[in-house]
Each structure stands twice: as C-alpha cells, then as structure tokens.
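A.B. asks: predicted model and sequence below, questions to follow.
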Amino acid sequence: MTELTVPELSLVVLVGVTGSGKSTFARTHFKPTEVISSDFCRGLVADDENDQSATPVAFEVLRFIVAKRLAAGRLTVIDATNVQPEARRDLVQLAREHDVLPAAIVLDLPEKLCAERNATRPDRDFGPHVIRRQRGQLRRSLNHLGREGFRTVHVLRTPDEIAAATVTRAKLFNDLREEIGPFDVIGDVHGCRAELELLLGQLGYDIERDSAGRPTGAHHPDDRRAVFLGDLVDRGPDTPGVLRLVMGMVDAGTALCVPGNHEVKLLRALRGRNVTRSHGLDASLEQLAAEPEAFRSQVEQFIDGLISHYVLDGGRLVVAHAGLIERYHGRASGRVRDFCLYGQTTGETDEYGLPVRYPWAQEYRGRALVLYGHTPVPEPEWQNNTLCLDTGCVFGGRLTALNYPERSLVSVPAARAYHPAAKPFPAASPPGSASGGPQGHARREPDVLDALLLDIGDVSGSRVIETAYLPRIGVREAHAAAALEVMSRFALDPRWLLYLPPTMSPVATSAREDLLEHPDQAFAAYRSDGVASEIALTV
C-alpha cells in the first residue's frame, strides 16, 4: 500500500493525460464537494462537458470556485489534465495568493493504456495524437514540479500503484489546536537569563540545572506550559544561557517557542552567511564562540526547526513574534512567515532610521487572541483582542508574561539596561497612574487614527454577538442603526464613562415619618464602612 500525504489545508492538483483515471482517483479519495473538475465547469458554462471552445471561460469559473474554497480554509482538488507548465503555474499562484501549500499527484500511466481507455468512451472521439502530445508535455516537465512551487509531489506509474494508494491528510506544523493550555506566554527575552529565571520562578516553575549550576530546563507542578514569543537572543548578557534553558524546556515538552527576527539572523550567521553584525548580533556570536561546537550545532538545529506561529486552544489563541492578521492564521507561505517575523511596515522610516510599523492591531477584528512581541512597549496594552508582551527588558524595562486563559499579567524588572535602545524607550507609568488600566496594563488613549480606522461593519447591519453573561445576542439592523445614530451625536470619551449598577442593596428604613427610604441612611452606611468621601449622582 502506498501512502500519499498531502497537507490538511492545501490545493491538490491532479496531473495526467486524458484517460489516466484522475476523476476516478478523485472520487475514491476525496469528498465530492472537494473536487473541482474542468469538465464539470465546462458543463456549467456550455451545457457540454466536452465543448473545448468553452475551456477559457470554464477555467475562469474553476479558479473562482477554488479561490472561494481556499479563502474559507478548505482543502480543494483540481481535476484537469494540468500537463502544461503554464496551466500549473496559474494554480500554484492561486495557492500562494491564499497562503496554502500546493501539492501535485501525478498519474503517469503508459500512453497505450490511456488510449485504450479513451477508445471505450464515446465522448472521447479525438485522435491518438492528443494523448501523445499531452504525454510529451507531462514527461518534459515531470522532474521540475518541485521547482515550479509544489511542496509535495507524488507520482503513480501503474494501475496497481494507483489501486494500492491511500491519501493521508497531514496537519500543518502550526496547527496545535488540540493544545488547550494553560499557558504562560513570555515576551522578548534578548539574552536576559537572570530575569527569565526570576520570571519563571514568579510563574511557579521549578528550574532544573546541570552539574555546573546552569539552568537546563523548567517544569510547572500544575502542568502549565511556557510559550516563548521569539527574540531569545542578542543584546543581553547571556544569550547561550537563555538558549540552553529554553531549548531544554522545548525538548522536554514544557514549552513552545516561535522564532523571532533575531533568531533568523543568528541562524544565517552561524551558517556562515554574510550578515551585518548589528543590533546585538555581535554580542551573541561572541558569547556563543565560548561555547562548545556541539552546543552551537544544537542551537542551529533548534532555530532551524522553529515554526512561524502556532494556533492553539481550538483556534482561540494565536502566538507569533510580530503578530498576525486573521487571514494568515493557520496558513503556510513565505509572506505569512515574513509577517510573523517582521510584522508590517508602511515603507517609511522614522527620525531614528527605523521602519515605521503599520498598526495592524488597530484593524484586527479576529476572534482569536493574538499574543506577540517584537516592538517594545512600556506596558502591555490590550488592543482589539491583541496584546504585545515585549516590555523592553534588555533596555531596562521589564520581562512580561501573560497567563492564559486567565489573562493576568506577571512581570519582573530588569536588573539594569543592558543595551542602548535605537530610539528613546518610554518609561512605564507608575502604578495607579491615570494611564494604568485593568490588571496593571496600559490603557490606549483614543485618538484621531482610531476614529478613522473604525470598521463600519462592526456597528452596522444585523449581527450576532457573544457576551460573558448571555451566550448569543441578536442585534437587528434597525436597532444597530439607531444605536449608531445616538453614539455619533452624544458619545463621550470612554475615559469619562462611569459604570452604574442597575440596582443596589436597599438601605435601612428611613427615620423620617413620611419616607420609606432616604439617602441619609445610604451615606451613613458608607461612612460606617470607612468610606471617607462620596459623590452623589442624580439620574
């Protein structure tokens, strides 16, 4: 039995001359709704599946359907000859546009057998030269499918191989939806081993050490797992120590880790590539040079095996170094990996020569919580169900973690500033200051940009929303329009909105003869509980 593995989310392209059995193979191994046939599309536009004059329009329909399925995250199979390189090139490009992996399954049967099969079908009344031409096109390009962009290529050459084949769907490496936590997600460490040990201790992890006293792993007594958001290396005083600890945790299964842009650059340097030794890379290379060659080899293998991002807890949590927009969640392509590593920029540079980051989180509307680092902030800041956990430890800030699913923050201060920031690093607000928000994180101030980036789709039309108190609430279009009208005219800055409970506990009976209740009793109750001052609101 031959096992053919294809990615669970992929565009599967069947390749073979007419009569090679592609349609039968597709019906055997895939759902009818997963297979898009060029013959079927010709029938849709011309009422005749064999009308070759309808082929251009039929393929427009085919590509449209395939695009909609891939956008929805559904495996799709294309049943067509696909023997011409230009035909496959369009399909590979379609897969890249939707950030899915293209896979090819080739049925390379003998020309004589295909001709005999076509002879038994009255709808195939073309001459043998058609099969001969198609087979020649296939044979000339068969060895180049990998270079064309297909990540997976399977070739079956006999009817027995086809009959014995099974198709297995492999999960993408970034798909860890079955991992439900609990997790402790840790921001950029940048070689600050002492602070990492302190933070892990605060989180309740027991640190394991080797005979030299160096940390080589850590585990949590309650089976929590750490998730590192990348940029473990560079700038700080002990990059090897951080790597030794994190690598040990990942190897033992007590941690997950995604790569940061600093790891990628370090990997290129370890492999002898010509890279600029800036932004702390020179410090990492100098520190690693003092380590044994075997350790440097382990570091190289570790970084090379890191996955760009992870989708966790049934799709409710996504972790990536620089964040990730919703349509990239669980996808696999070069541009998805680049976004995970570097984020999105406007193409401009600021006065310090640094790229201007595009504020993707301000436009984020996804249901998954996205946790990321990359761009240091003085305090973590919730923004549209996203949170940046890089609080600039190496610049003298803090090393921060988020407990998931509790959504509580834990951080430790840096012992000192280990590396000068490329631009002034803003100081965190003191505890209890006006900029402090719930759970000690910063509150984002409303500004003109936020107003301009309001998505009208969030507040218009009929919608169904989920709340913490009721599972699902329907909002009719007319009601949404009325609410939008009121908010447009009379809305206040959210900082000035007070929460008024719908009711309060009744006060003691009034001592006044003509009243059952009076505020005097309420104020007296507050004073007896130690409330020194009150504000009376009349509603």
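C.D. replies: In hand now; what should we look at?
A.B. asks: centre-most residue in this structure?
C.D. replies: Nearest to the mean C-alpha position of the chain, counting by Cα atoms, centre = their mean, stands His329 at 3.8 Å.
A.B. asks: quick check: that one vs Glu116, distance?
C.D. replies: His329 is 48 Å from Glu116, where distance means Cβ to Cβ, to the nearest Å. All C-beta atoms are positioned from the backbone trio N, CA, C, and that covers glycine.
A.B. asks: ditto for Glu291
C.D. replies: Remark: distance between Glu291 and Glu116 (Cβ to Cβ) = 66 Å.
A.B. asks: equivalent analysis for Ala255, please.
C.D. replies: Taken as Cβ to Cβ, the span from Ala255 to Glu116 is 59 Å.
A.B. asks: who's more crowded, these two?
C.D. replies: Set side by side, Ala255 and Glu116 show more neighbours around Ala255, with 26 against 11, by other Cβ atoms under 10 Å.
A.B. asks: which residues does that one form beta bridges with?
C.D. replies: Ala226 (DSSP bridges).
A.B. asks: contact partners for it?
C.D. replies: Going by Cβ atoms under 8 Å, 6 or more residues apart in numbering, Ala255 touches 218, 225-228, 246, 249.
A.B. asks: again, only using 7 Å
C.D. replies: Contacts for Ala255 were tallied using Cβ atoms under 7 Å, 6 or more residues apart in numbering; they are 225-228, 246, 249.
A.B. asks: ok, the residues you listed vs Asp51, which is closest?
C.D. replies: Closest approach to Asp51 among these (Cβ to Cβ): Val227, at 55.2 Å.
A.B. asks: distance of the closest one relative to Leu317?
C.D. replies: Remark: distance between Val227 and Leu317 (Cβ to Cβ) = 9 Å.
A.B. asks: tell me the buried residues in the helix or strand in which Glu300 is found?
C.D. replies: Secondary-structure assignment from DSSP states H and E places Glu300 in helix 293-304. The neighbour-count check on helix 293-304 (16 or more other Cβ atoms under 10 Å) flags 296, 298-299, 302-303 as buried.
A.B. asks: isn't the residue nearest to the centre of the chain up against Val311?
C.D. replies: Yes. His329 is in contact with Val311 according to Cβ atoms under 7 Å; the separation is 5.8 Å.
A.B. asks: count the residues that sit near Tyr310.
C.D. replies: By other Cβ under 10 Å, the residues close to Tyr310 number 22.
A.B. asks: helix or strand with the lowest mean pLDDT in the protein?
C.D. replies: For the chain, counting by mean pLDDT, DSSP states H and E, helix 448-452 ranks last in confidence among helices and strands (a mean of 43).
A.B. asks: contacts for the next helix or strand after that one next, please.
C.D. replies: Sequence order places strand 463-465 as the next helix or strand after helix 448-452, per DSSP H and E. Defining contact as Cβ under 7 Å, 6+ apart, one finds that strand 463-465 is touched by 472-475, 480.
A.B. asks: recalculate using a threshold of 10 Å.
C.D. replies: Strand 463-465 is contacted from outside by 457-458, 472-477, 479-480, using Cβ atoms under 10 Å, 6 or more residues apart in numbering.
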